[in-house]
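K.L.:
just to be clear, the model below is a prediction. Sequence and coordinates:
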Amino acid sequence: MNEVHGHVVMKMMIEAKKSFTKEELEKAIIEKFGKETKFHTCSAEGMDAKEIIDFLENKGKFISTVEGIKTNPDKICNHE
């Protein structure tokens, strides 16, 4: 099974240079990493696409915009 760190999801969002609705972000994550991929962070593991979105949002990693959510490089901690 493929596992991806939450930082990689955040970097994908930054590279997209746009805001996402949660639904758009979930679709983009699944398209890029696959439906079966599990996500982990420094403090949690075994999350699916929806769960990593909720986790990152609850950790304050997203910035709300009129169009949806986005993130910035300063929201990513410096370890993986």
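P.N.:
Received it, and whenever you're ready, just let me know what you need.
K.L.:
how much space separates the nearest residue to T65 once chain neighbours are set aside from C42?
P.N.:
Excluding the flanking residues, the one nearest T65 by CB to CB, 6 or more residues apart in numbering is S19, at 4.5 Å. All C-beta atoms are positioned from the backbone trio N, CA, C, and that covers glycine. Here the distance between S19 and C42 works out to 25 Å (CB to CB, to the nearest Å).
K.L.:
now E15
P.N.:
Between E15 and C42 the distance is 21 Å, computed by CB to CB.
K.L.:
just the strands in the chain please.
P.N.:
Along the chain, the segments classed as strands by DSSP state E run 3-5, 38-40, 63-64, 69-70.
K.L.:
residues contacting the residue positioned nearest the centre of the chain?
P.N.:
For the chain, the residue lying nearest the average C-alpha position, counting by CA atoms, centre = their mean, turns out to be V9 (3.8 Å). Listed by CB atoms under 8 Å, 6 or more residues apart in numbering, the contact set of V9 reads 29, 39, 52, 56.
K.L.:
please apply the same query to M13.
P.N.:
Under the criterion of CB under 8 Å, 6+ apart, the neighbours of M13 are 20, 25, 70-71.
K.L.:
hmm, 10 Å instead?
P.N.:
Going by CB atoms under 10 Å, 6 or more residues apart in numbering, M13 touches 19-20, 25, 28-29, 56, 61-62, 69-72, 75.
K.L.:
how many residues are close by M12?
P.N.:
16 (other CB atoms under 10 Å).
K.L.:
D48 versus that one, what's the distance?
P.N.:
Taking CB to CB as the criterion, M12 is separated from D48 by 16 Å.
K.L.:
on that earlier part again, from memory the residue nearest to T65 sits against A28, does it?
P.N.:
No - taking contact to mean CB atoms under 10 Å, the distance of 11.7 Å between S19 and A28 leaves them out of contact.
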